[in-house]
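Engineer: Need coordinates for the following:
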Amino acid sequence: MKPLTKITTAALTLGITLTLACGYSSKPAAATAGNVPAISQLSPNSTNAGGAAFALTVNGSNFNSNAVVNWNGTEMSGTAYVSGKQLMVNVPAASIASSGMVQVTVTNPAVAGTGPYGGGGTMAETSTAVAFTIN
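Structural biologist: Model (predicted):
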């Protein structure tokens, strides 16, 4: 049987360092702030409880082409992008069944990064709420 060879601390450290350096060492870039949408007007800005479904037009600024309208914090399906200053969405009759105030916001969803290691991209940004009245 052969005697064991002594390994110095320097050789062991060098071996570990070389092993660790072979993996990916770059960290993905953090997501940056996106465009913050702003609502300037809702049309109509009110309706009667128990009424029929209707089309809501949201006017403002900084709407991305994938922006969504939120009704009391819930994303409305079928948001239509008209321009960077206008969105439209159909509000179902069930959403206006009873009277009250509804908070309407617009969200520009996050965009995934395409940089090395999946870094970059933008964060989701949501507008300040605007009240919609159901009489």
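Engineer: T122 versus P44, what's the distance?
Structural biologist: 32 Å (Cβ to Cβ, to the nearest Å). In this view, the C-beta of every residue, glycine as well, is placed from N, C-alpha and C.
Engineer: of those two, who's got more company?
Structural biologist: For P44 and T122, the more surrounded residue by other Cβ atoms under 10 Å is T122, and the numbers stand at 17 against 12.
Engineer: was I right about the more buried one contacting N66?
Structural biologist: No. In this structure, T122 is not within contact of N66 by Cβ atoms under 8 Å, at 11.0 Å.
Engineer: overlap in contacts of the two?
Structural biologist: Between them, T122 and N66 share the neighbouring residues N108, with contact defined by Cβ atoms under 8 Å, 6 or more residues apart in numbering.
Engineer: Excluding sequence neighbours, find me the nearest residue to S65.
Structural biologist: Distance criterion Cβ to Cβ, 6 or more residues apart in numbering; nearest residue to S65, sequence neighbours excluded, is Y81 at 4.9 Å.
Engineer: So what pairs up with V102 in the strands?
Structural biologist: Here V102 shows beta-bridge partners F132, assigned using DSSP bridges.
Engineer: where exactly do the helices run in this protein?
Structural biologist: Listed from the start of the chain, the chain has helices (DSSP state H) covering 9-21.
Engineer: neighbours around V58, how many?
Structural biologist: Taking other Cβ under 10 Å as the definition, V58 ends up with a neighbour count of 26.
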